[in-house]
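**Q** sequence and predicted structure below; questions after.
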Amino acid sequence: MKAQVFRGVNHLSYEEVPLPEVLADEVLVQVQVVGLCQSDIKKIRYPLYEPPRIFGHETAGTIAAVGSDVKGWQVGDRVVVLHHIPCMHCAYCLNDNFSMCDVYKNITTTAGFAPSGGGFAEYVKVPGHIVRNGGLIQIPDSITFEQASFVEPTNCCLKAVKKAQVQPGQTVLITGAGPIGLMFIMLVKYFGARAIATDLLPSRIDKALTVGADAAFDARDPDLAAKVHGLTQGMGVDTSLLAVPSEKAFFQALDCTRKGGKILFFAEFPDEVEIPINPNILYRREIDLMGSYSSSYRVQALAADIVFNRRIDVDALISDRYPLKDLAAAVEQAIAPAEDTYKILIYP
Ligand SMILES: [Zn+2]
Ligand SMILES: [Zn+2]
């Protein structure tokens, strides 16, 4: 089969690799659509992982082979493939910190080499632990593979929105209106809160409004904090979700968040960035800083419900489609987005 193999920093190689062998408790899925995620781009552009590897984890496809011991799945079933499932009984899992679980981190789907997601291939193998524990989700007939590929990123965003305890009637600032920021806007609206978005690109500011933001501003606007206070009876927003790895965005969020509010780091920063902060700002204003990484088992059913019952319009997030052989070009486009670049989908 064909796969995009990570051969080193910024080096993707479109190669013939062996079809994964399926053990008795495993399932093989033919990948139909796989979303390109910011985390994939980081793994390709920075020396974070030893090559060779096959990345890709926002996978939707068709079951192509089923191990002899597997119950409940058949060849031809249309499925979302989750690349991680926690153990459910370690100290992290018992405290709902599923993405910190060693099993969650270490067992994943693979198309060959060190297991790394494996969605950037024609076929991906799902290990027994993931098959047995809810890591395959049936796609309803009314939902396309494209739409289904959004279940994983929806889970990640949903986890963050839940962690920040966004409530109906609250106002949320979302810094960055790329594919993640736009999804945050949709989710925040779904939970009955108001969304204010910022971005540098005029097209993204417009797009934020079309997907439901109550207001959207240029992130360079010197009056941003005053405008946000104007929209919130002078209080500031209840929560800020940082969907860009920008120090400036953090300080803007600090200026725009009300006393007792929350600021959540969602975008991953480059490791060399450090943000100096006066702790008394957090103390006197009782601002909670939090981070949210990856997905949560706890919101899995809700993430699937939101996508499968069209509670958010994931189609509005799709901007570009690339065949698997052109993954490198897709990555280039994601790094230097055009005016109308949002979510990029890949087709093996
Ligand atoms: Zn992702
Ligand atoms: Zn665990």
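**A** Perfect, thanks for sending it. Given the structure is predicted, the values throughout are model-derived calculations rather than measurements. Numbering: from 1, shown residues only. Ligands and ions are numbered 1, 2, ... in the order given.
**Q** going forward, measure contacts and count neighbours with C-alpha atoms only.
**A** OK.
**Q** what about residue 209, how many residues nearby?
**A** Other residues near residue 209 come to 19 when the count uses other Cα atoms under 10 Å.
**Q** how about residue 78?
**A** 26.
**Q** now swap in residue 287 and tell me
**A** By other Cα under 10 Å, neighbour count at residue 287 equals 21.
**Q** show me the contacts for it.
**A** 257-263, 281 (Cα atoms under 8 Å, 6 or more residues apart in numbering).
**Q** need the phi and psi values for it.
**A** phi -90, psi 130 (degrees, to the nearest 10).
**Q** re earlier: mind giving me the PyMOL select for the contacts of residue 287, buried ones only?
**A** A single PyMOL command selects the buried members of those (16 or more other Cα atoms under 10 Å):
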select buried, resi 257+258+259+261+262+263
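**Q** show me where the stretch 51-200 of the chain has strands.
**A** Assigned by DSSP state E, counting those that start in this stretch, the stretch 51-200 of the chain shows strands spanning 58-66, 78-81, 123-126, 136-138, 171-175, 194-199.
**Q** okay, those in JSON lines with distance to residue 37 and mean pLDDT next?
**A** Listed next are the strands of the stretch 51-200 of the chain as JSON lines, based on distance: least, Cα to Cα, whole Å; pLDDT from 0 to 100:
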{"stretch": "strand 58-66", "distance to residue 37": "8", "mean pLDDT": "98"}
{"stretch": "strand 78-81", "distance to residue 37": "15", "mean pLDDT": "98"}
{"stretch": "strand 123-126", "distance to residue 37": "17", "mean pLDDT": "98"}
{"stretch": "strand 136-138", "distance to residue 37": "20", "mean pLDDT": "98"}
{"stretch": "strand 171-175", "distance to residue 37": "18", "mean pLDDT": "98"}
{"stretch": "strand 194-199", "distance to residue 37": "19", "mean pLDDT": "98"}
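**Q** figure out which of the ones you listed is closest to residue 275.
**A** strand 171-175 (16.6 Å; Cα to Cα).
**Q** centre of the chain to the closest one, how far?
**A** On the basis of Cα atoms, centre = their mean, to the nearest Å, strand 171-175 sits 17 Å off its chain's mean C-alpha point.
**Q** count of residues packed around residue 136?
**A** 21.
**Q** so who does it touch?
**A** Contacts of residue 136 by Cα under 8 Å, 6+ apart are 79-82, 130.
**Q** can you pull the phi/psi pair for residue 149?
**A** According to degrees, to the nearest 10, residue 149 has phi -70, psi -10.
**Q** ok, it to ligand 2 distance?
**A** Computed with Cα to the ion, to the nearest Å, the distance linking residue 149 and ligand 2 is 25 Å.
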